[in-house]
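Engineer: coords below, sequence missing:
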């Protein structure tokens, strides 16, 4: 274990040095979520009705957080696909290091990248009127839950990145998966307003549950209601949440653990068998 952690920290440092030498990576990674917050917050917020744009922006923030950390996790896969194409992985395999160190170092560095993005997004959200209304402890729980889920998704992306033949293929393939996954959810609109089939899918979508859990911990769950959080108890009784949404934190953690149990060994095995393409 000590060898694994030492080797993984070396690989993580290598990936972070790459960001330092190519600062455009972190600049555009942070600019994209800021653009999403401003565009969705003010364009979609204008559809929320007179005087409720601020309420929609509070409702929106958790969804933007969830979408951004999932898209941020794709950096792991695109980085692995690029290293495979350039033959870097073959060089790593010749070195006396733990077989899981390259993947763990990659996922750790990308987790740190997600932390930076969450900080920037939080500052941006506070600047446009979003507020954390349920205390610092609940907010930290929401952030921790999002980072755990993002870390699990990173391992899925690492596996896909090792399997595809080029980074371009990875980008196209993951976009086709992640885009509907993040939109057929309660990220941008309440899922109870969707058609029956989409409502059912959204109700069991882990992206919905991570968004719902974050909203609840931020105190923004009923931001769209005219009565705000004070009318939350009455509204909650009228909405038929799925079991997943009723136990959003447990369901999200269960998905995270399941993804790690499946894709950590799969990714390590694929890495050991991989060759440059």
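Structural biologist: Cool, got the structure. Source: prediction; values computed, not measured. Numbering: from 1, shown residues only.
Engineer: same for the helix or strand encompassing residue 158, what does it pack against?
Structural biologist: Using DSSP states H and E, residue 158 maps to helix 136-163. Helices and strands touching helix 136-163, by 3 or more Cβ pairs under 8 Å, 6 or more residues apart in numbering; DSSP states H and E, are helix 53-86, helix 101-127, helix 167-183, helix 206-218, helix 248-273. The way it works is simple: take the backbone N, C-alpha and C, and place the C-beta from them, glycine included.
Engineer: and the gap between residue 193 and residue 30?
Structural biologist: Using Cβ to Cβ, to the nearest Å, residue 193 is found at 31 Å from residue 30.
Engineer: Does residue 186 belong to a helix, a strand or coil?
Structural biologist: Here residue 186 takes the coil state, with states given by DSSP: H, G, I helix; E, B strand; the rest coil.
Engineer: shouldn't it be in contact with residue 63?
Structural biologist: Yes - in this structure, residue 186 is within contact of residue 63 by Cβ atoms under 8 Å, at 7.0 Å.
Engineer: so what's in contact with those two at the same time?
Structural biologist: By Cβ atoms under 8 Å, 6 or more residues apart in numbering, residue 186 and residue 63 have these common neighbours: residue 211.
Engineer: Now for this protein, the helix or strand with the poorest mean pLDDT.
Structural biologist: The helix or strand of the chain with the poorest confidence is helix 232-238; it has a mean of 48 (mean pLDDT, DSSP states H and E).
Engineer: who touches the next helix or strand after it?
Structural biologist: Counting by DSSP H and E, the next helix or strand C-terminal to helix 232-238 is helix 243-246. Applying Cβ under 8 Å, 6+ apart, the contact partners of helix 243-246 are 203-204, 206, 208-209, 212, 251.
Engineer: thought residue 8 was touching residue 109?
Structural biologist: No - here residue 8 lies out of contact with residue 109, judged by Cβ under 8 Å, at a distance of 9.5 Å.
Engineer: ok so, going back, who has more neighbours, residue 193 and residue 30?
Structural biologist: Shown here are residue 193 and residue 30; by other Cβ atoms under 10 Å, residue 30 has more neighbours (18 against 9).
Engineer: Low-confidence regions, this structure specifically.
Structural biologist: 46-52, 225-239, 275-277 (pLDDT under 70).
Engineer: returning to that earlier point: tell me the angle the helix holding residue 158 makes with helix 53-86.
Structural biologist: 30 degrees (axes from the mean of the first three to the mean of the last three Cα atoms, to 10 degrees).
Engineer: Tell me how far helix 136-163 lies from the chain's centre.
Structural biologist: Relative to its parent chain, helix 136-163 has a centroid offset of 6 Å by Cα atoms, centre = their mean, to the nearest Å.
Engineer: cool, stretch 58-75 as well?
Structural biologist: Worked out by Cα atoms, centre = their mean, stretch 58-75 lies 5 Å from the chain centre.
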